[in-house]
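[1] pasted the sequence and its predicted model underneath.
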Amino acid sequence: MILVIDVGTTGLRAVVADDGASLVASEYRAFSPDSPFPGMVEFDASHLSELVLDAARTVLDVAGQPTIHGVGIAAQRASAVVWERSTGQPIGPAIGWQDLRTVGDCLTVRAEHGLTLAPNQSATKLTWLLANAAGDRDHGDLCFGTVDSWIAWTLSQGALHVTDHTNAAITGLYSIGARDWHTGVCELLGIDTAMLPTIVD
């Protein structure tokens, strides 16, 4: 059996499927982002975790507590979450992929360094969170991830800080040639690569 967590823009679904990919059980939880000002889209990552765990537990109960051989996560790719490694608590709101608060930062980075980033990528969302929500926290204790990383961390109780190549590529921090984090871009943006998830297949 496989457990699938699918996080959309208005809710999330937990599904148990059998080895032939047939649906065994499904649970839905409504979950919508907030828009405190025009162009800003954010959400409470802790609340998302609670809903994911509740839906996962319920769907596994409904399916008769099957043995799970794998977990699939489908999520909003470029949304950005930053949390403390030591506590597992987010340092501020998660910033949705639709958020436009860093348009000016993208223009500045392009003008000053020739680096083209889009506001729907995670890179400038991460730098915004570090500048506006991290306070005096040690950046070495911080973890960054898109929603897939956050859910993997949640489901594994902090054992896994991972993402895959497709989610890493959408952040603006990935080197396609190296198939790893782009150290030059991270250095330019003041991002410690130690806070980025391990990239796995």
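    Ah, there it is.
[2] per-residue pLDDT, the residue nearest the centre of the chain?
    Geometric centre of the chain, nearest residue: Thr146, 1.8 Å, by Cα atoms, centre = their mean. For Thr146, the model assigns a pLDDT of 96.
[3] same question for the one 3 residues further on.
    pLDDT, the model's per-residue confidence, is 97 for Ser149.
[4] and what of Asp138?
    So Asp138 comes in at 80 (pLDDT).
[5] gap between it and Ala21?
    For Asp138, the distance to Ala21 equals 44 Å [Cβ to Cβ, to the nearest Å]. Placement of C-beta: from N, CA and C, glycine included.
[6] the more surrounded of the two?
    More crowded of Asp138 and Ala21, by other Cβ atoms under 10 Å: Asp138, with 11 against 8.
[7] if we can go back for a sec, check contacts around the residue nearest to the centre of the chain.
    Ala75, Gln76, Arg77, Ala78, Ser79, Ala80, Val81, Ser122, Thr163, Asn167, Ile170, Thr171 (Cβ atoms under 8 Å, 6 or more residues apart in numbering).
[8] same deal with Ser26?
    Arg13, Ala14, Val15, Val16, Val59.
[9] separation between the residue nearest to the centre of the chain and Ala194?
    Distance of Thr146 to Ala194, computed by Cβ to Cβ: 17 Å.
[10] go on, Pro36?
    31 Å.
[11] longest helix in the protein, please.
    helix 45-62 (DSSP state H).
[12] name the residues that touch that one?
    Contacts of helix 45-62 (Cβ under 8 Å, 6+ apart): 3, 5, 7, 12-16, 25-29, 31, 66, 68, 81, 83, 89-90, 93-94, 147, 150-151, 154-155.
[13] mark which of those are part of helices, please.
    Using DSSP H, these in helices are Val147, Trp150, Ile151, Thr154, Leu155.
[14] could those residues go into JSON lines alongside neighbour count and distance to Ser175?
    Converted to JSON lines, the ones in helices among the contacts of helix 45-62 look like this (neighbours: other Cβ atoms under 10 Å; distance: Cβ to Cβ, whole Å):
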{"residue": "Val147", "neighbour count": "28", "distance to Ser175": "22"}
{"residue": "Trp150", "neighbour count": "31", "distance to Ser175": "23"}
{"residue": "Ile151", "neighbour count": "26", "distance to Ser175": "25"}
{"residue": "Thr154", "neighbour count": "21", "distance to Ser175": "28"}
{"residue": "Leu155", "neighbour count": "17", "distance to Ser175": "28"}
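[15] and the residue of the chain most remote from its centre, what's its pLDDT?
    Within the chain, the residue lying farthest from the chain centre (Cα atoms, centre = their mean) is Gly64, at 29.5 Å. Here, the pLDDT recorded for Gly64 equals 94.
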